[in-house]
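In: predicted model follows, preceded by the sequence.
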Amino acid sequence: MGIVTNLKDKRREKQINYERKMLRELSLDILRKKIRYYFEPLFFKDHDWTMSLEEGCMDIAIEAFLLGAHFSRFGFYGESLQFVKKRCQEEEKMLIDALYDYLCFWSPEGEKDFYQESIYYTCEQYVQDWWEEGFQKGEKRYRLRLH
């Protein structure tokens with residue numbers, strides 16, 4: 001008799017393996033450079049809490065990257081980028097909101113409406129950029145049959 005495995009466990013194992021393969025494509029230097037590029041004008045005047053801010057931004061970047069990579073198979077099979085983005089719009093919005101809430105918590109000028117609006121648009125662009133990066137890398141892996 002063979003070992004009985006649960007389909008749910010098998011899917012989870014396959015997803016973890018795919019995510020590990022995709023994370024090999026990321027570099028901490030690139031993550032830090034993009035964090036500086038997007039958020040330095042807003043936050044990096046005081047360096048006391050820079051590490052906490054970077055960690056939160058890295059977490060969201062990794063999640064957005066993996067989300068884009070996960071949905072890249074639809075792009076590989078012929079869907080356009082816009083249709084694929086509509087498929088995961090809800091998850092992407094949750095990531096944007098989570099990053100926005102995190103950054104508003106750390107914001108020295110959090111009560112100003114204009115400042116909060118600029119933080120939100122920056123978060124939106126940051127998450128979309130990482131989503132597209134994951135989508136492109138995932139699509140490339142599918143084309144090379146490395147998935």
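Out: That came in fine, so what should we check first?

In: can we go C-alpha only for contacts and neighbour counts from here?
Out: Fine.

In: what's the burial count for C104?
Out: Using other Cα atoms under 10 Å, C104 has 17 neighbouring residues.

In: buried sites along the longest helix belonging to the chain?
Out: Secondary structure of the chain read by DSSP state H shows that its longest helix is helix 113-143. Within helix 113-143, the residues that qualify as buried are 116, 119-120, 122-124, 126-142, counting by 16 or more other Cα atoms under 10 Å.

In: which other helices and strands contact that helix?
Out: For helix 113-143, the packing partners by 3 or more Cα pairs under 8 Å, 6 or more residues apart in numbering; DSSP states H and E come out as helix 28-43, helix 50-70, helix 72-76, helix 89-106.

In: of all those, which lies closest to F83?
Out: Distance to F83, taken as Cα to Cα, is lowest for helix 72-76 among the helices and strands packed on helix 113-143, at 8.9 Å.

In: average pLDDT for that closest one, rounded please.
Out: What helix 72-76 shows for mean pLDDT is 86.

In: three-state assignment of E79?
Out: Secondary structure state of E79, per DSSP: H, G, I helix; E, B strand; the rest coil, is coil.

In: dihedrals phi and psi, it?
Out: As for E79, its main-chain torsions (degrees, to the nearest 10) stand at phi -80, psi 150.

In: what about it, how many residues nearby?
Out: Counted by other Cα under 10 Å, the residues lying close to E79 total 12.

In: distance check, it against F65.
Out: To F65, E79 is 19 Å away according to Cα to Cα, to the nearest Å.

In: do I96 as well
Out: Taking Cα to Cα as the measure, I96 falls 13 Å from F65.

In: apart from its chain neighbours, what residue comes closest to the residue positioned nearest the centre of the chain?
Out: Residue closest to the mean C-alpha point of the chain, counted by Cα atoms, centre = their mean, is A64 at 1.6 Å. In space, and not counting its chain neighbours, A64 is closest to W131: 4.8 Å by Cα to Cα, 6 or more residues apart in numbering.

In: which residues does the one you found contact?
Out: Each residue near W131 by Cα atoms under 8 Å, 6 or more residues apart in numbering is listed here: 64-69.
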